[in-house]
Each structure stands twice: as structure tokens, then as C-alpha cells.
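Peer 1: here is a sequence together with a model predicted from it:
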Amino acid sequence: MAKKKKLHRKTIPHHISIKDKAKKFLLNQKDKFIIFGILLVGLILRLIYLSQVKVNDPNFLHFEGTDSGNYDSLAMQVLDGSLPKSPYSFNPLYYYFLAIIYSFIEHNPLKAINVQIFIGLGTCFLVYLIGKRLFNKSTGMIACGICAIYGSFMVYETLLLTTTLDTFLLLLGVFLLLKSTSPKWYFVTGIVLALSALSRSTTLLVLPFLFLWLMIKLRLTKKFAQTAGLIILGMCLTFAPFTYRNYKYSGQFILITTTGPVALWAGNNEDSEGFYHLPPYTEELSRKNKDFYLQDTIRFIKEKPEKYLMLLLKKCTLFWNAYEIPDNDVVYERFQTLSPLLRVMIPFGLVSSLGIMGLFLCLRRLNKNLFLLYLTILGYLSAIVLFFIQSRFRVPVVPFLSIFAGWTIYYWFKKLQSRKLISFFTTLILFIILYTVVDFHTFYGWTYPLTNPNGFCLEKREGFVFRDDSGDWHGDVKETIDSPMKIIKKEIIITQEVEKFEFAGISLNYCCSDKGKLLIKINDLVLSVINCKDIPYGPFVRQIRFKFQNPKLILKKGKNVITLSVLEGADVGVMVDNYYNFGRSSFTADGITWEKTPGEFMIQLELLSNPIY
């Protein structure tokens, strides 16, 4: 009879000290402590940034004339039941989100900002989870750290804009898509993706790329059909109340908002430069034809396909470019002047170049799950380029780029650790070249005036535009004229024959109060004396255009000198774009001594052969 083996339990010594137990506990919890530390640093930095902006920005929480003001106002209308009985013109989720917050804390935008800060930290944590799942915990931690100290996240988390919410929701949707295995979670994924689209409607154009990944992962099987069906069901049920409300008040099928045609046209017309800008004739043409935006976009693509393709290429370069394209009241460089902390935070150019480097490095280890991130980035790039480029519209892609950036840094560390210096320095040199390309605007800005001394002559729908600025406000600098002794002078070179044109115009980017008058002279001749109360006024940047006949009486081929001064207590600021410096902008504070400005005044002349209004 075989003897039974006696099982001996592994005895645990009872003499382990409290110190050893604590050390073992800390080792087991090390990853959690590191992530908690990263998030805590991110929170502290955000609170410091917020305190600096609150102290230094006189317009903090003053939303008049901005998208933040519109969202704040719409949230209050939701609460008091006065929301306009019309289809949504702004992405609706965000102002319902604000309304929910205000229902608990009354109307307090600052507390809403505090909620957004924690949503932003949630984005950082999701980046860690995805990085850990697709790569390893070190990559996830590095990516989380990048997001914790990324400058634009801080800026948009402290503004009442959709950016923070739609960034979090898109990332959460992708995370759930990676993680989901049961029907209920696929259904929840559909709800989250629909909420992301209700927060930023461009997400709709990313969805086909996500379903493509799902098809690649599951193939054309019954399981794919069931999974896709559950996701679509969750989306449809989420969209339903919003779409129904649109139909109720318009009689038309409008899935989310009515602004699609306008946004499409703004970035795809023959006068577009790739970012959001509505030409001065927009209102006139849209009033004559309600379908103008869509029809004109199609006409432009059909009649000028080469110009359209070049515009798409330009938008692609703007998307990856280091420069933060401003919109409305959100000028990244202005916030850098308000917050010393923001100046040392990670900029988009670094995340972009590290992320692109990581995309290339990961091609060797590409798998189905990792491919989802590639498709998400490609889908979002396509969605944004289809419309126009702005800083806040590319923020949702930053978490995905941060994961690849984290892998790049981890890759370098491993190569140094294993002393594979050739691989390390080869990829480092490639990264430096890539960063130089991404930051090309810095080099292009000072080389262009050397090769094109006459500035820009741009052929537009109405004629020709002559200017020295980039068309966008770089540098957050302006010169203020608030006494008759202060004068702004701008020289512009016209390269066309003035006699051929019956009309001309002058445009400027400015801000002003409602007091006094603005005096405009061209070549020492008085063009106009304008009452400031008769033009749009306020603390934010505006653009205005003045049209006049018989330009040959005032303008000439070659150099034309424009001067701006004020009368009767006016206070006018004219924006200076420091992207280019042709040396043709000057300012005097005493009417005698002239000083060159660090850039060019945003003033332009136009010769109009086909004026629309």
C-alpha cells in the first residue's frame, strides 16, 4: 500500500518586522504611487496656472463676444427654459454639461473650470492605461507625464470650451473599444462615442476609421455584425433626443448642428488660407442664396482642383506645425504672457515631433490593437483637414500622440541602457530633423522677407490683396493709439497697375472702445474719419474693411504709406504680427520720433475688380 505523501504548508516566518512589511507594501504599490504623483503634479501645475491667469488677465471670466460666452449663456438658457426653439447651432453636449454643473453650484464658471481640470487629469490617467495596455507601464507613465505638463491642456481646461470634454470622451471611447469584450460594454462604447460627437461633431468623421479597425480585428463575421450593431444602437439612442429636437424646430433631418456647411466653406473656398476666416463678402452672398456655402465649396473644388489640393496640403502642414493657431479670444502666446509657468510647459511642436517619431518606430511592432491608434490619428487628421485648422481642434489627438511620444522616450532609454549607441543617435538625429520641419514657421518667418521683399500679393475672389503679415496674429503684440500724438504708420507695396481697378479697400485687425474717432490717411490724403461707436468695439480682436472708389486718386503702384491716428479721446489698438518682419511698420508716441515695430501691423490694401459688397 502506497504511503500518502504528507503535504507541508509553506510556513511564513512570524518574525518579519513592520519595517519589512511596509517596504514590501510600498514595492507592490510603487506604480500606483508614481501615477498618483504624476497626477498630483499635474493638478498643482494647473492650479498655479489658473491663479496666474486670474491675477494677470483683466478679461478673466469676461466672456462677451466669445464662444465661451455663448456656451455660458446657452447653459443658463437650458436651466431657465429659454433655450431658442431652433436647431442647435453649437455642439449641444457642452452647454448641457455646464447646465448640470450650474444646477448644483449655481452660476459659477470658476467652479465649472475646476471640474474641467479634474476631467483633464482623467485624460492623463486614460493615457497611462492605454499606454500600459499597448506597450508597457513605463511608456504609459511617460505618456501620462507628458499630458500632465502639456501647455494647451492647461489653457483649454481653464476655458469654457468643449475641448477638454471632447478630448476625454474620444479617448474614453477608444479605451473602451480596446477593452470591451461583452455586449453591454460595446453598447456603452457606442454611447460614449456619440457623446464625443455631440461635444465635437468632427468625431463623426473618425467613426468610420474605428469601425474599419473593428472589422479588421473581428473580420466579416457574425461577431463583427453583432458588435457593430450594439455600438451603433448605443449611438443612435444617444443621438435621438438631440436629432428629434432639431427636426421638431426645423422640419429637417439635422443630426447634431446646423453649422456644418459654414465650417466646411470657411476652410474650403478660394480665399481660404487653411484656418477659420470668413471673408467680408460672406454675409452678402449667403443672404442671396441659402445653399451658398455648400454650392460654393463644390464649385471651388470642381473649377480649381489644383488650388484645392494645395490648400489641403497646406492644412496638413498646419495641423502638424508647432504654431498654435488662435481663434476668437484664445491666443496661446497671450496666455504665455499672462502665465510664466505656461512658457516652460511642453508645447505642441515637441509632442508632435516625438509622436511622429514614435509612429515610425512602432511600425516594426505593429499589431491589431496598436493599429487602432494609427487609425484614430489618421481619422482625426482627415476630419480636421477637411474643414479648417485651429489650435483647439487638434487637442483631442494629443493624447494619442503622447502615447507614441512616450514610446519614443522609452525606446531611447532602452537603447542607452543596452549601449546600442548607433540606434540611439540615428533616431535622435532623425528626431531633430523632424522637429525642425515641424517648427518650420520659425525659419520661414525670417527667410521669406529676404526672398520676397515686396511682401504678399494674393489673388482673391474680388481682386488682389497686398499685405506683409501672415494673415494670423502671432506674438500677442499690439500698439495702442489713445492720443493725437500717437501715430501708427504702415507701408505697403502694390505690385499691380492701380488704374485697372475701379474699387479698392483697406482692412485692419484692431480692438477699440466706443469713444472718439479713428482717422485713416493714405499717402497723406484723408481716406476716412470713423466714429468708433459705429464699428464693432470691445476688448477682443476684430477685423474691419473700408471700401472706396477711384483708387487711382489715392493709391499708386509701389510704396503706399498708411497712417492711423485718433481724435476726441479714442482708444484703438492695432495688432502686430511678428511672424514676418519687412521693416515697414512704425510707431510714434510723440509725433516726432519713429520706432520700428517688432513685426508688421495687420493692415492690408485691396484692389477690387469684382467687389461683392
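Peer 2: Structure's in. What do you need? Remember, predicted model here, so these are calculated numbers, not experimental data.

Peer 1: secondary structure element for residue 47?
Peer 2: Secondary structure from DSSP states H and E places residue 47 in helix 30-56.

Peer 1: please report how far the nearest residue to residue 133 once chain neighbours are set aside lies from residue 435.
Peer 2: Leaving aside its sequence neighbours, residue 133 sits nearest to residue 178 (C-beta to C-beta, 6 or more residues apart in numbering; 6.4 Å). (C-beta placed from N, C-alpha, C; glycine too.) Distance of residue 178 to residue 435, computed by C-beta to C-beta, to the nearest Å: 30 Å.

Peer 1: residues contacting residue 400?
Peer 2: 171, 174, 355, 373, 376, 377, 380 (C-beta atoms under 8 Å, 6 or more residues apart in numbering).

Peer 1: filter those residues down to just the ones in helices.
Peer 2: Secondary structure from DSSP state H places 171, 174, 355, 373, 376, 377, 380 of those in helices.

Peer 1: okay, now the domains of this protein?
Peer 2: 31-438, 456-608 (automatic domain parsing).

Peer 1: make a markdown table from these and add mean pLDDT and distance to residue 445 to it.
Peer 2: Output for the domains of the chain, formatted as a markdown table (pLDDT from 0 to 100; distance: least, C-beta to C-beta, whole Å):
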| stretch | mean pLDDT | distance to residue 445 |
| --- | --- | --- |
| domain 31-438 | 93 | 10 |
| domain 456-608 | 91 | 5 |
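
Peer 1: of those, which approaches residue 444 most closely?
Peer 2: Nearest to residue 444 among those is domain 456-608 (8.5 Å), distances taken as C-beta to C-beta.

Peer 1: what's the span of that closest one, first residue to last?
Peer 2: 16 Å (C-alpha to C-alpha, to the nearest Å).

Peer 1: picking that back up, which is the succeeding secondary structure element to the helix holding residue 47?
Peer 2: Per DSSP H and E, the first helix or strand lying C-terminal to helix 30-56 is helix 67-80.

Peer 1: beyond that following helix, next helix or strand please.
Peer 2: In the C-terminal direction from helix 67-80 (assignment by DSSP H and E), the next one is helix 92-105.

Peer 1: list the buried residues in the helix holding residue 47.
Peer 2: Buried residues in helix 30-56, counted by 16 or more other C-beta atoms under 10 Å: 34, 35, 38, 39, 42, 43, 45, 46, 49, 50, 52, 53.

Peer 1: hang on, the fifth one packs against residue 148?
Peer 2: Which is residue 42. Yes: at 3.3 Å, residue 42 and residue 148 qualify as touching, with contact defined as C-beta atoms under 8 Å.

Peer 1: between those two, which contacts overlap?
Peer 2: Listed as contacting both residue 42 and residue 148 by C-beta under 8 Å, 6+ apart are 121, 124.

Peer 1: which secondary structure elements does the lengthiest strand in the chain sit against?
Peer 2: Once the chain is assigned using DSSP state E, the strand that runs over the most residues is strand 538-549. Secondary-structure packing of strand 538-549 (3 or more C-beta pairs under 8 Å, 6 or more residues apart in numbering; DSSP states H and E): strand 503-512, strand 525-531.

Peer 1: just name whatever secondary elements the helix holding residue 47 is in contact with.
Peer 2: Looks like helix 30-56 contacts helix 109-134, helix 137-148, helix 151-157, helix 332-338 (3+ C-beta pairs under 8 Å, 6+ apart).
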